[in-house]
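here is my input, please return the structure:
(one chain, ligands or ions: 1)
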Amino acid sequence: MAEQRAAIVTGASSGIGLAIADVLGQEGYALTIAARRPEKLEAAAAGLREKGYDVEHVAGPLGAEEGVKAVVAAHRERYGRLDVLVNNAGVGIGASVAEIDTKKLDLQLDLNLRSIILFYREAVDLLRTAGKEHGAALVVNTASIAGKRGQPWLSVYSATKGAVVNFTEAMHKELSAEGIKSTALCPGFVDTPMTEFVKESVPATDMITPGDIGEAVRLLLKVSPACIIPEIQFIRPGD
Ligand SMILES: NC(=O)c1ccc[n+]([C@@H]2O[C@H](COP(=O)([O-])OP(=O)(O)OC[C@H]3O[C@@H](n4cnc5c(N)ncnc54)[C@H](OP(=O)(O)O)[C@@H]3O)[C@@H](O)[C@H]2O)c1
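Alright, predicted model coming up:
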């Protein structure tokens, strides 16, 4: 790369987001990482800095508009450029339809969907500048295989992730001519804290690894500007 590029990764204090942040650091990107709990995020930031990466971290709830604005503002202040935005923070709360709790419904809508829309809005000027410069600004949105095939008990989560797939497609059509690519990641079970609830029936060793997702993002960074990968599904054997 001609000069240092910079990336934001949300939900980067563990699991998939941390693995993606690691790959971006390896590829020479300066990082802003964001997540909800400060201590966990600080520990992740310290681990990434130990690897020699340039890391800013911003803790706070990203379902809130102010949280989104704070991340983009801190990133803008520190680096002044944004080449890659990874909208990865998300939460899944299971419930059968009659038991859906309004607060939990809103939390999933706000974090999994609304915050992604707000991140695009807040960061699109920086992405446009990067797109103009090198034609390959990139937004990666972590959806889910549940966003391709709705799941019982995870109906709200499925709906938010389906909307992320669709919003990503819309952003591709709206922004790709300006050198801003958008990709939706759609994994099945990945071995992270989020899948603890299922590990009695699906062992962690039978799951996709966070590193698998990180390697897919490395591919997205390396393909030429004219090559768009709108969506990647990650499926386990037999699924
Ligand atoms: N694991 C899977 O099987 C799987 C499959 C498909 C898609 N996904 C998606 O992958 C993404 C990452 O999940 P993961 O599996 O890596 O889980 P994870 O290890 O639990 O990571 C979730 C990340 O999101 C952050 N986060 C949660 N709520 C937040 C909030 N309100 N505000 C800001 N940050 C918040 C967490 O920070 P705190 O810990 O501080 O809350 C953490 O950094 C999610 O969007 C998830 O839906 C996961």
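
doesn't Ala163 make contact with Ala146?
No: using Cβ atoms under 8 Å, Ala146 is not in contact with Ala163, being 11.6 Å away. Placement of C-beta: from N, CA and C, glycine included.

which secondary structure element contains the closest residue to Pro61 other than its chain neighbours?
Nearest residue to Pro61, sequence neighbours excluded (Cβ to Cβ, 6 or more residues apart in numbering): Gly67, at 5.1 Å. Using DSSP states H and E, the element containing Gly67 is helix 65-79.

burial of the residue nearest to Pro61, as a residue count?
21 (other Cβ atoms under 10 Å).

then Asp110?
19.

same check, this time on Pro193
10.

for it, what are its contacts?
Pro193 makes contact with Ser14, Gly15 under the criterion Cβ atoms under 8 Å, 6 or more residues apart in numbering.

show the pLDDT at it.
Here, the pLDDT recorded for Pro193 equals 97.

so Pro61: helix, strand or coil?
Under DSSP: H, G, I helix; E, B strand; the rest coil, the three-state class of Pro61 is coil.

close enough to count as contact, it and Arg36?
Yes: contact criterion Cβ under 8 Å: Pro61 and Arg36 qualify, at 5.5 Å.

leaving out chain neighbours, which residue sits closest to Pro60?
No, residue 60 isn't Pro; it's Gly. Per Cβ to Cβ, 6+ apart, closest to Gly60 is Gly67, 4.2 Å.

just to revisit the earlier point, put the alpha carbons of the helix holding Gly67 into CSV.
Presented in CSV, the C-alpha positions along helix 65-79 are these (Å, rounded to 0.1, in the frame of the first residue of the first chain):
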residue,chain,number,x,y,z
GLU,A,65,-27.0,6.7,17.5
GLU,A,66,-24.5,8.6,19.8
GLY,A,67,-22.4,5.5,20.1
VAL,A,68,-22.1,5.2,16.3
LYS,A,69,-21.2,8.9,16.0
ALA,A,70,-18.6,8.6,18.7
VAL,A,71,-16.8,5.7,16.9
VAL,A,72,-16.7,7.5,13.6
ALA,A,73,-15.7,10.8,15.2
ALA,A,74,-12.8,9.2,17.1
HIS,A,75,-11.6,7.4,14.0
ARG,A,76,-11.8,10.6,11.9
GLU,A,77,-9.9,12.5,14.5
ARG,A,78,-7.1,9.9,14.9
TYR,A,79,-6.6,8.8,11.2
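
for that helix, which helices and strands make contact with it?
The elements that helix 65-79 packs onto, with contact taken as 3 or more Cβ pairs under 8 Å, 6 or more residues apart in numbering; DSSP states H and E, are strand 5-10, strand 29-35, strand 55-59, helix 115-134.

following element in sequence after the last one, please.
It refers to helix 115-134. strand 137-142.

same question, the second one
Tracing the chain past strand 29-35, the next element assigned as helix or strand by DSSP H and E is helix 38-50.

does that next one come close to the ligand?
Yes: using Cβ under 6 Å from any ligand atom, helix 38-50 comes into contact with the ligand via Lys40.

the residue most central in space within the chain: what's it in contact with?
Residue closest to the average C-alpha location in the chain (Cα atoms, centre = their mean): Asn88, at 2.1 Å. Residues near Asn88 by Cβ under 8 Å, 6+ apart: Val9, Thr10, Gly11, Ala12, Ile16, Gly17, Ile20, Val140, Asn141, Thr142.

check Lys199 too.
With Cβ under 8 Å, 6+ apart, Lys199 has no contacts at all.

do you know how far it is from the ligand?
11 Å (Cβ to the nearest ligand atom, to the nearest Å).

next, give phi and psi for that residue.
phi -70, psi -10 (degrees, to the nearest 10).

I'm done for today, thanks for sticking with me.
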